[in-house]
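A.B. asks: show me how the following folds:
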Amino acid sequence: MIQRRSALAALAALPLAARAQDKPIRLLVGFPPGGGTDAIARLLAEALQASLGTTVLVENKPGAGGQIAAQALKAAPADGTTFFVSHDHTISILPLVLKNPGFAPARDFLPVAGFATFANAFALSGGTPAHSLAEYLAWVKKQGGQGSVGVPAPASVPEFLVKLIGEKNGLNLLSVPYRGSAPMIADMLGNQIGAGVGSVPDLIVNHQQKKLRIVAVMGLQRQAVLPEVPTFAELGIAGFEDLPYYGVFAPAGTSPTAVERFSNALAGVIAQPGVKMRLTELGLSVGMMTAAQLAARERAYAAAWARIIKAGGFQPQ
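C.D. replies: Purely as a prediction, here's the structure:
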């Protein structure tokens, strides 16, 4: 009995993060299976299992542009077993466009590490006769100046991009929001909608298979996986040069030891030639960002988009 009490006392004295190491690690994803973020998270999870020596599970919590997953992260125990793989929309944009998103990144989350940047892109469905952005805009004009363009989430960077392109060209381009990129792309493949704006990781496979046509990308330079596709800046549409990011976040209160352990494992994983090649093929520019660097990038990105959103007259919903 005394030995049992001593063992229990020793276990209780262990740091929470140390006791959690034997538990599976959850990677929360705010979008449905089949999309780019899901594919990225599953690739990382498989590689991280060997590095961390424990099971790593992807848990999809789709809906509201990642808001549901972010709220789940906030509610998760800060024991080093739950992390959130997210891009800019949920972390930087949602708090700007929603009055009550249910989370505040600076208060409720800890940046763990960034691992890539990516570009959003304008794509055309196979049934759309146009083969360039200029041809698409001319085609919409012939249809009476009104066109529908799918976006993966309401009040997102893709939606603001659609609005800006429409205003610049005197067209009434209507954003059609979806619950993630997968259902949007499904409608594009079925020619239910003629165009869509999404991330290159979401669109690249169907573009390569010639089922969709990517006709413009964000950024200062063309994407390595899409050397034939011009940037918006090349086409005279300024303001979309800064690239979004992918990062990993933990609940506030997670121990520095747990954060460092995961960050070190992630750095090792994305440096593996096979993993890096696959992420690059998905349309990512792979590069490690420390927790501090990720936090600084998030603040700068949010500040830049706050100015764009305010200038566009958008009111938080």
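A.B. asks: please count neighbours and contacts with C-alpha atoms only from this point.
C.D. replies: Will do.
A.B. asks: give me every residue that touches S156.
C.D. replies: 89, 93-94 (C-alpha atoms under 8 Å, 6 or more residues apart in numbering).
A.B. asks: which one of these is nearest K276?
C.D. replies: When those are compared for distance to K276 (C-alpha to C-alpha), H89 wins out at 23.1 Å.
A.B. asks: name the nearest residue to the closest one, sequence neighbours excluded.
C.D. replies: S156 (6.4 Å; C-alpha to C-alpha, 6 or more residues apart in numbering).
A.B. asks: next one: that neighbour from D88, what distance?
C.D. replies: Relative to D88, S156 is positioned 10 Å away (C-alpha to C-alpha, to the nearest Å).
A.B. asks: next one: A302
C.D. replies: Distance from A302 to D88, by C-alpha to C-alpha: 9 Å.
A.B. asks: helix, strand or coil for Q221?
C.D. replies: coil (DSSP: H, G, I helix; E, B strand; the rest coil).
A.B. asks: tell me the contacts of it?
C.D. replies: Q221 neighbours (C-alpha under 8 Å, 6+ apart): T231.
A.B. asks: give me the pLDDT for it.
C.D. replies: Reported pLDDT at Q221 in the predicted model: 92.
A.B. asks: pLDDT at V29, what is it?
C.D. replies: Taking V29 on its own, its pLDDT is 97.
A.B. asks: from V248, how far out is it?
C.D. replies: Applying C-alpha to C-alpha, the value for V29 to V248 is 10 Å.
A.B. asks: can you list residues touching both of those two?
C.D. replies: Common contact partners of V29 and V248 (C-alpha under 8 Å, 6+ apart): 84-86.
A.B. asks: determine the longest strand present in this protein.
C.D. replies: strand 109-117 (DSSP state E).
A.B. asks: neighbouring contacts of that one?
C.D. replies: 73-74, 243-254, 259-260, 262-263, 266-267, 270, 284-295.
A.B. asks: if we go to 7 Å?
C.D. replies: 74, 243-252, 259, 263, 284-291, 294-295 (C-alpha atoms under 7 Å, 6 or more residues apart in numbering).
A.B. asks: could you identify the buried members of these?
C.D. replies: For the contacts of strand 109-117, a burial check counting by 16 or more other C-alpha atoms under 10 Å picks out 74, 243-252, 259, 263, 284-286, 288-291, 294-295.
A.B. asks: where's the helix or strand that contains M184 relative to the chain centroid, distance-wise?
C.D. replies: Per DSSP states H and E, M184 falls inside helix 181-189. Relative to its chain's centre, helix 181-189 lies at 17 Å (C-alpha atoms, centre = their mean, to the nearest Å).
A.B. asks: which residues touch D242?
C.D. replies: D242 neighbours (C-alpha under 7 Å, 6+ apart): G219.
A.B. asks: would you check how far apart it and L96 are?
C.D. replies: On the measure of C-alpha to C-alpha, D242 and L96 end up 17 Å apart.
A.B. asks: same question, Q223
C.D. replies: Q223 is 28 Å from L96, where distance means C-alpha to C-alpha.
A.B. asks: between those two, which one's more packed in?
C.D. replies: Ranked by neighbour count (other C-alpha atoms under 10 Å), Q223 and L96 place L96 first, with 23 against 20.
A.B. asks: what's the helix or strand where the more buried one lies in contact with?
C.D. replies: Following DSSP H and E, the helix or strand that holds L96 is helix 94-97. Outside helix 94-97, the residues that touch it by C-alpha under 7 Å, 6+ apart are 101, 155, 306, 316-317.
A.B. asks: just give me how far it sits from the chain centre.
C.D. replies: Taking the mean of its C-alpha atoms, helix 94-97 sits 15 Å from the chain's own mean (C-alpha atoms, centre = their mean).
A.B. asks: what's the answer for stretch 23-30, then?
C.D. replies: Centroid displacement of stretch 23-30 relative to its chain, using C-alpha atoms, centre = their mean, is 16 Å.
A.B. asks: contacts for it next, please.
C.D. replies: 38, 54-63, 65-66, 68-69, 81-86.
A.B. asks: would you mind extracting the C-alpha trace of that stretch into PDB?
C.D. replies: This file holds the C-alpha atoms of stretch 23-30, laid out as PDB (Å, rounded to 0.1, in the frame of the first residue of the first chain):
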ATOM      1  CA  LYS A  23      -1.400  10.200 -24.800                       C
ATOM      2  CA  PRO A  24      -2.200  10.600 -28.600                       C
ATOM      3  CA  ILE A  25      -1.600  14.100 -29.900                       C
ATOM      4  CA  ARG A  26      -4.500  15.800 -31.700                       C
ATOM      5  CA  LEU A  27      -4.000  18.100 -34.700                       C
ATOM      6  CA  LEU A  28      -7.200  20.100 -35.000                       C
ATOM      7  CA  VAL A  29      -8.100  21.200 -38.600                       C
ATOM      8  CA  GLY A  30     -10.900  23.700 -39.200                       C
END
